[in-house]
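Asks: mind folding the following:
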Amino acid sequence: METVMTLGNVNGFLIDIDGVLTTGDTAIAGARGAIELLKTQGFPFRCVSNSTRKCRATLAARLDNLGFDIPKNALFTPPLAAVKYMKESGKHRACLLTTGDVDRDFESISIETDSTAVDYVIIGDAGDRVTYASMNQAFRCVMEGADIIALEKDRYWMASEGLSLSAGPFVEALEYATGKTAIVVGKPSKEFFSLALGDMGLSAKETVMIGDDIFTDIGGAQASGIRGILVKTGKFREDVFEKSTIRPAAVLNTVGDIQDLIK
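Replies: Here you go, the predicted model:
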């Protein structure tokens with residue numbers, strides 16, 4: 001384990017899920033123990049994930065099946081921020097480009113499947129649903145006046161079968177084609193981090209973010225005044241880390257090594 005810090009003045013944690021606690025449908029070694037240790041030590045935590053393939057309830061059930069005792073209300077995902085943003089804007093019609101059952105988190109807004117007369121194009125990690133036809137439909141919506149909400153803008157993630165493209169490349173394609181800039185509601189947006197901080201009742205300076213993405217997790221956290229711990233699991237790549245100008249407060253082999261920092 002490589003580390004450059006001790007955890008002083010830390011009262012809570014924000015923790016990524018994919019690549020930190022799990023990879024695909026497998027719990028990462030030491031991850032369950034890390035969560036139990038935080039609970040035993042009395043540290044509040046929230047899981048802030050850019051996962052956009054599963055709704056919040058399904059994600060909670062998946063973690064439960066893998067042996068994690070994490071309640072649904074401790075999970076913060078981009079759809080929650082997107083719905084909050086739309087409600088505050090007073091607009092409710094959207095074209096949704098995602099996959100899985102994440103659409104269940106959008107039941108309070110109007111999802112249009114055929115019309116291009118929408119207020120927003122909401123795009124997440126859509127997997128095989130990203131086709132010429134689906135991207136062209138999203139493109140037409142934006143060209144007719146819709147704004148773009150990116151649930152996340154990650155470049156790639158670690159799936160069970162290996163590194164896989166995330167939503168970022170496709171969000172950028174829409175931005176390039178339409179000339180519009182997407183509103184990012186997941187990490188690394190400050191608003192997303194603020195949702196979880198507010199729920200814990202903690203300030204940024206007394207909270208630490210644990211993630212596997214040097215840009216989204218660590219860079220995003222630092223931009224919000226939160227210290228970041230990078231783990232060498234999930235999408236972590238040594239070459240990307242070495243080239244980055246972002247320096248985390250600590251680098252751990254796995255989230256399980258958090259025990260060495262909070263003794």
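Asks: what bits of the chain have low per-residue confidence?
Replies: Counting by pLDDT under 70, the ranges of the chain that qualify are 1-7, 263.
Asks: go ahead and flag the most central residue of it.
Replies: Centroid-nearest residue in the chain, with CA atoms, centre = their mean: Asn50, separated by 1.8 Å.
Asks: my read: that residue touches Asp154, true?
Replies: Yes - using CB atoms under 8 Å, Asn50 makes contact with Asp154 at a distance of 5.6 Å. All C-beta atoms are positioned from the backbone trio N, CA, C, and that covers glycine.
Asks: shared neighbours of these two, anything?
Replies: 166, 216 (CB atoms under 8 Å, 6 or more residues apart in numbering).
Asks: Gly67: how many residues sit nearby?
Replies: By other CB atoms under 10 Å, 11 other residues sit near Gly67.
Asks: same question, Val185
Replies: Going by other CB under 10 Å, the residues that sit close to Val185 add up to 26.
Asks: which ones are touching it?
Replies: Contacts for Val185 (CB under 8 Å, 6+ apart) come out as 78, 81-82, 85, 149-151, 191-192.
Asks: for those, give me CSV that also has neighbour count, distance to Arg62 and secondary structure.
Replies: Below are the contacts of Val185 laid out as CSV (neighbours: other CB atoms under 10 Å; distance: CB to CB, whole Å; DSSP: H, G, I helix; E, B strand; the rest coil):
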residue, neighbour count, distance to Arg62, secondary structure
Pro78, 31, 17, helix
Ala81, 23, 20, helix
Ala82, 26, 21, helix
Tyr85, 18, 26, helix
Ile149, 26, 24, strand
Ala150, 27, 23, strand
Leu151, 30, 18, coil
Glu191, 14, 26, helix
Phe192, 27, 21, helix
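Asks: from the residues you listed, which single one is nearest Met209?
Replies: Phe192 (11.3 Å; CB to CB).
Asks: from Val185, how far out is the closest one?
Replies: 6 Å (CB to CB, to the nearest Å).
Asks: looking at this, the residue nearest to the centre of the chain is in a helix?
Replies: No - read with DSSP: H, G, I helix; E, B strand; the rest coil, Asn50 is coil and lies in no helix.
Asks: surely Asp125 and Glu152 touch.
Replies: Yes - Asp125 is within contact range of Glu152, at 7.1 Å (criterion: CB under 8 Å).
Asks: overlap in contacts, these two.
Replies: Contact criterion CB under 8 Å, 6+ apart; residues shared by Asp125 and Glu152: 52, 166-167.
Asks: can I have the buried ones of those as a PyMOL selection?
Replies: With 16 or more other CB atoms under 10 Å as the burial test, the buried ones among the shared contacts of Asp125 and Glu152 are selected in PyMOL as follows:
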select buried, resi 52+166+167
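Asks: in JSON lines: the shared contacts of Asp125 and Glu152, plus distance to Ile35.
Replies: Listed next are the shared contacts of Asp125 and Glu152 as JSON lines, based on distance: CB to CB, whole Å:
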{"residue": "Thr52", "distance to Ile35": "22"}
{"residue": "Ser166", "distance to Ile35": "24"}
{"residue": "Ala167", "distance to Ile35": "27"}
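Asks: nearest to Phe236, of the shared contacts of Asp125 and Glu152?
Replies: Checking these one by one against Phe236 (CB to CB), the nearest turns out to be Ser166, at 14.9 Å.
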